[in-house]
Each structure stands twice: as C-alpha cells, then as structure tokens.
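Trainee: no sequence for this one, just the structure:
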Ligand code: SF4
C-alpha cells in the first residue's frame, strides 16, 4: 500500500483549535500522525487514540443529526414517523453502541471504538453515568420533537433530486475545496436547491455561538468556489434543534472576500509552526515550539490532557484535577 502523506489542510475547527492552543493543533495534526502503525512510538500511538476521543455533546449532536435526516428521508418516502420511532431506530442503537464501547474500554483493542471524555477523565466530570445518559437522551428527543414540529414542515416540498450530495467524514475524502493551493474542509449538514437558490443548512444541537456564523459563511465559500454559485443565490440557515431557534442570512461577495482573507491569515499563522514555513513540505517544528495554553478550563475538557499532564502539573500544580 502506498505510504500516506500528511497533507497540510485547513478547516474551521482546526483553526479554532490552533487559536485556542497551539499544542492541541500539534497533537491532532502532527503528533498523532502514523499512530496507527505497529512501529509507532508510544506517545504517537496515544495521541492517535486520544485524537479520536468524543464526549456527550458530540455524541448527542451526531445522534440527533442522523435521526433528523432519517425522519426527513422517511417523510420524502411518504412514511409517517414519530419522535419515538426516530429515537428507537436511529439514535438509541448508536448511542448504546458508543456508550458500551466506551464503558468497556473497547478502544484498547479496536482503535475505532468510542471513547468518551467523561469516562476517560472521570476526575473532570461531576455527573454520574445515569445523569449523562439521561441528558443525552433528553437532548436528542427534544431536538427530534422540535425538528418534527418546526423544521420538517418547512422542508415538506424538498425532493431527493433537489439535494446536493455531501461527502461526510468516515466515507472517503470528506467535502472540501481548494483555495490558494490549500485543501479546505467544509462539510455542510444539508444542502438543497430550490428555484435556483442554494439552501445550506447546519443542524445544531447545542446553544448558539457567534462562531457559527463564520462556520456557515465558509460553506457559502465552498458553494461559490466548488460549484460556481453566486453569493446572491446562497441562503445560509442555522437550525438550533434543542431550542427551536432558527437563524437565516445571506452573504455578499465582499463577505466571501473577507472569509478568504481570514483563511489566508490563519494559514500564514499555522505555517509559522512548520519547518521553513513550508506548507507543501508540512513538517512541524519540534513539539516544544507549539505553545501550551495552560488554561485549566480548556485543559480539563481537552482529549490530549494525558499527554500534557506532566508539564501542566509542573506549571499549575495538582489543583488542576480538583
Ligand atoms: S491539555 Fe491543555 S495545553 Fe495540552 S493540548 Fe490540551 S488544551 Fe493544550
């Protein structure tokens, strides 16, 4: 098999990680690379495993998104469904599988097995297993109920031939486009075209955050560059399924120039942490050059805490774990 190459790439989440903590970006993009190899050193193997860690927020987000898409497809097929059916047929099996894998530490044998931050770092979780499970189930059911009540009626006229296929994570190379020779990942949740207007929808199971606007603006750039869609023919929609809120907005050509500039600046910043600033070679500077954030709040929620722990304890003392 041909050797895999660690290609420089950019995404909204990678840029966010880089801004919050340089070391986090190092672990996820470079420290973890090759950790699947039998011959990899133990730190690399650990970084690779930790890089796959999830948490309750991601777990209920994915379950809610998969279940609402199932409800939509059932609706398009003319099959009436209930929230309970969507939960039982789609969300519950995947939540149960992930939960059991994590509790049983399945990741020790199979790298793909789920590992929840709440189980791996119990010192940072003040909820019991019962409370976590109940929270996950409650959030998913609330999202499904709001979807059925408010969103599904709005999508009633959308047929499969109006939908744009999106390459998702875990099934080949995820959705992306190129900008200035850099691979930019942009994976919208749901896109359809109605009367020439591209509706780009992102399902959110958590609270509204200012950066969500930037995230969907990146999707507008994806539509413009990859599909040649004019900005005036793009409608961006954020559906907050848990609260039932909805935000809808448009971008101008000037907005998209600003998105490009933001990506350009972020790529330049990231390049400073590469040998000779060369994103083509994509060889990282030594780990010590990637500054740690030393932010207790952030470190307590970070997958890579185990790897940073010695340095954090030395700098911050033992109270970090209390
Ligand atoms: S544990 Fe803290 S310092 Fe280490 S990568 Fe995570 S956020 Fe950064």
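Mentor: Good, I have the coordinates. Here the structure is a predicted model, which is why all the values come from computation and not from measurement.

Trainee: which phi and psi does whatever residue of the stretch 101-250 of the chain ends up closest to the ligand have?
Mentor: Ranked by Cβ to the nearest ligand atom, the top residue of the stretch 101-250 of the chain for proximity to the ligand is residue 121, at 10.3 Å. From N, CA and C alone the C-beta is placed, and that goes for glycine too. Here is the backbone geometry of residue 121 (degrees, to the nearest 10): phi -120, psi 70.

Trainee: so it makes contact with residue 305?
Mentor: Yes. Using Cβ atoms under 8 Å, residue 121 is in contact with residue 305, at 6.2 Å.

Trainee: out of the two, which sits in the busier spot?
Mentor: Ranked by neighbour count (other Cβ atoms under 10 Å), residue 121 and residue 305 place residue 305 first, with 21 against 18.

Trainee: and the closest residue to residue 27 other than its chain neighbours, how far is that from the ligand?
Mentor: Distance criterion Cβ to Cβ, 6 or more residues apart in numbering; nearest residue to residue 27, sequence neighbours excluded, is residue 304 at 4.5 Å. For residue 304, the distance to the ligand equals 4 Å [Cβ to the nearest ligand atom, to the nearest Å].

Trainee: now whatever helix or strand residue 94 lives in, how far from the chain's geometric center?
Mentor: Per DSSP states H and E, residue 94 falls inside helix 92-103. How far helix 92-103 lies from its chain's middle: 19 Å, per Cα atoms, centre = their mean, to the nearest Å.

Trainee: Beyond that helix, next helix or strand please.
Mentor: Next along from helix 92-103, by DSSP H and E: helix 117-120.

Trainee: re the thing from before, ok, now which ones touch the residue of the stretch 101-250 of the chain closest to the ligand?
Mentor: The contact partners of residue 121, taken as Cβ atoms under 8 Å, 6 or more residues apart in numbering, are 300, 305-306.

Trainee: Around residue 190, how many other residues sit close by?
Mentor: The number of residues near residue 190, taken as other Cβ under 10 Å, comes to 20.

Trainee: So for it, what pLDDT did the model give?
Mentor: Residue 190 is assigned 97 on the pLDDT scale.

Trainee: which other helices and strands contact the longest helix belonging to the chain?
Mentor: Using DSSP state H, we find that the single longest helix of the chain is helix 56-76. With contacts taken as 3 or more Cβ pairs under 8 Å, 6 or more residues apart in numbering; DSSP states H and E, helix 56-76 sits against helix 83-86, helix 92-103, helix 129-146, helix 152-154, strand 197-204.

Trainee: Swap in 6 Å and give it another go.
Mentor: helix 83-86, helix 92-103, helix 129-146 (3 or more Cβ pairs under 6 Å, 6 or more residues apart in numbering; DSSP states H and E).

Trainee: Could I get those helices in CSV, plus columns for mean pLDDT, mean neighbour count and distance to the ligand?
Mentor: Converted to CSV, those look like this (pLDDT from 0 to 100; neighbours: other Cβ atoms under 10 Å; distance: least, Cβ to the nearest ligand atom, whole Å):
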stretch, mean pLDDT, mean neighbour count, distance to the ligand
helix 83-86, 98, 19, 35
helix 92-103, 97, 16, 20
helix 129-146, 97, 18, 21
